[in-house]
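1. I need the structure of the sequence given here:
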Amino acid sequence: MMTIERMDATFETLKWDEDAFVSLDFVRACMDAGDLEVLGTLHQFLTEERNAARVVPPLAREEIAAFASRYLARCLREDPVAIDFIAQRSCTRYGAAWEVVRWYVRLFKAMPPDEEALAGLRAMLAGLYREGDDRLRAAIATAALSHLFASPAIRESFAAWLDDPVLRETYAAAKPASAAPNGLRVKRSAQPLTKKSRTAIRT
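-> Numbers count the residues shown, from 1 in each chain. So this is what the prediction gives:
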């Protein structure tokens, strides 16, 4: 059984030993865990590309994206709240919505963009919106889509939602009333998001 303590000990070694690595089998064992706190610990680890690069054999980009989509979907659906919120590893519902924004922008900016992973995130959001209650739908619309849709280019990637009577409503609600000059600008780039850009995607 995978535990946070075991993961912390393994990941801590990387900080002090430049030759240390994390085995792919270990990472996949973490991915298979049912505990959201374990999954949240792994998600935090893999969001840093320098950490993901020390998984041996290499973890495919597609596998990382698929894991992130599954994990964030659970957080959006379940809205986990730990007793000790400061020590919580998993994302709350609104935290997960922001992570969706970050992942989508990261995949969208890649050269070439990861169209398969982007389609997977759109499908995940669409499925959750369809099955969700009012609170989940509000989180998706206000904390994820409204930020993504500040970019006309990203908004266009969701254009198929306009053909769906259920999704069309949230598309319209999330769309900015007007194109603000200081809105979200997305330029395609091979550079990953930095910690600074994570907290300031609006530029």
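2. from now on I want contacts and neighbour counts done on CA atoms only, so please keep to that.
-> Noted.
3. ok, residue 15 - how many residues close by?
-> 10 (other Cα atoms under 10 Å).
4. surely it is in a helix?
-> Yes - counting by DSSP: H, G, I helix; E, B strand; the rest coil, residue 15 is located in a helix.
5. ok, it to residue 37 distance?
-> Using Cα to Cα, to the nearest Å, we find residue 15 at a distance of 21 Å from residue 37.
6. please apply the same query to residue 160.
-> Residue 160 sits 34 Å away from residue 37, taking Cα to Cα as the criterion.
7. the more surrounded of the two?
-> Higher neighbour count among residue 160 and residue 37: residue 37, with 19 against 11, using other Cα under 10 Å.
8. residues contacting that one?
-> Counting by Cα atoms under 8 Å, 6 or more residues apart in numbering, residue 37 touches 4, 88, 89, 90.
9. next one: residue 88
-> Counted by Cα under 8 Å, 6+ apart, residue 88 has contacts 37, 81, 82.
10. and which of the residues you listed is nearest to residue 109?
-> residue 37 (28.9 Å; Cα to Cα).
11. the helix or strand harbouring the closest one: what's the following helix or strand?
-> Mapping residue 37 onto the secondary structure by DSSP states H and E places it in helix 36-46. Where DSSP H and E defines the elements, the next helix or strand beyond helix 36-46 is helix 49-52.
12. contacts for that next one next, please.
-> 45, 46, 58, 59, 192.
13. and with 6 Å instead?
-> Surrounding helix 49-52, the residues in contact under the criterion Cα atoms under 6 Å, 6 or more residues apart in numbering are residue 46.
14. stretch 67-78 now?
-> Stretch 67-78 has contacts (Cα under 6 Å, 6+ apart) with 91, 93, 96.
15. which of the residues you listed ranks first by neighbour count?
-> residue 91 (28 neighbours).
16. and the residue nearest to that residue when sequence neighbours are not counted, how far from residue 87?
-> Among residues not flanking residue 91 along the chain, residue 75 sits closest, at 6.0 Å (Cα to Cα, 6 or more residues apart in numbering). Look at residue 75 and residue 87: by Cα to Cα, they are 16 Å apart.
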